[in-house]
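A.B. asks: predicted model and sequence follow; I will ask about them next.
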Amino acid sequence: MAVNELLTNAVRHGGGTGHVALWREDDAVVCEVTDRGAGLPAPHPDKPDRPVMDEPGGWGLWLAAELTDTLVLQSGPRGTTVRVSTRLS
């Protein structure tokens, strides 16, 4: 579900295309999604804030952070990269 949220964000907000990579690193599975959109407005928090309950959108990054062990976000005018990882044990 976390990866689906990141891919949906790449399509909706990142120019309609993106790149996804998935690999195992030590005792974790890692996924990185990159797009070539205009980037997120700065500053963006290390951990996304929970949206207001009746907000129809804006849940993707928050859900991805809640459903994984780590979320690292890099964003700028040439695109956004989000890397999430989850321990396997």
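C.D. replies: Sure thing, it's come through.

A.B. asks: drop to CA atoms for contacts and neighbour counts, all remaining ones
C.D. replies: Fine.

A.B. asks: return the residues in contact with the residue of the chain positioned farthest from its centre.
C.D. replies: Distance from the centre of the chain peaks at S89, with 22.3 Å (CA atoms, centre = their mean). Applying CA atoms under 8 Å, 6 or more residues apart in numbering to S89 gives the contacts D27, A28.

A.B. asks: list the helices and strands the helix or strand harbouring E66 packs on?
C.D. replies: According to DSSP states H and E, E66 maps onto helix 60-67. Applying 3 or more CA pairs under 8 Å, 6 or more residues apart in numbering; DSSP states H and E, we find helix 60-67 packed against helix 2-13.

A.B. asks: can you point out the buried residues in the helix it packs on?
C.D. replies: Under the neighbour-count criterion of 16 or more other CA atoms under 10 Å, helix 2-13 has A2, V3, L6, L7, T8, N9, A10, H13 buried.

A.B. asks: measure the nearest residue to T8 once chain neighbours are set aside to L6 for me?
C.D. replies: The shortest distance from T8 to any non-neighbouring residue, by CA to CA, 6 or more residues apart in numbering, is to G60 (7.9 Å). Distance of G60 to L6, computed by CA to CA, to the nearest Å: 7 Å.

A.B. asks: now R24
C.D. replies: For R24 relative to L6 (CA to CA), the value is 18 Å.

A.B. asks: was I right about the residue nearest to T8 contacting N9?
C.D. replies: Yes - because the distance of 6.9 Å satisfies CA atoms under 8 Å, G60 is recorded as touching N9.

A.B. asks: need the contact list for T86.
C.D. replies: Per CA under 8 Å, 6+ apart, neighbours of T86: A28, V29, V30, T68, D69, T70.
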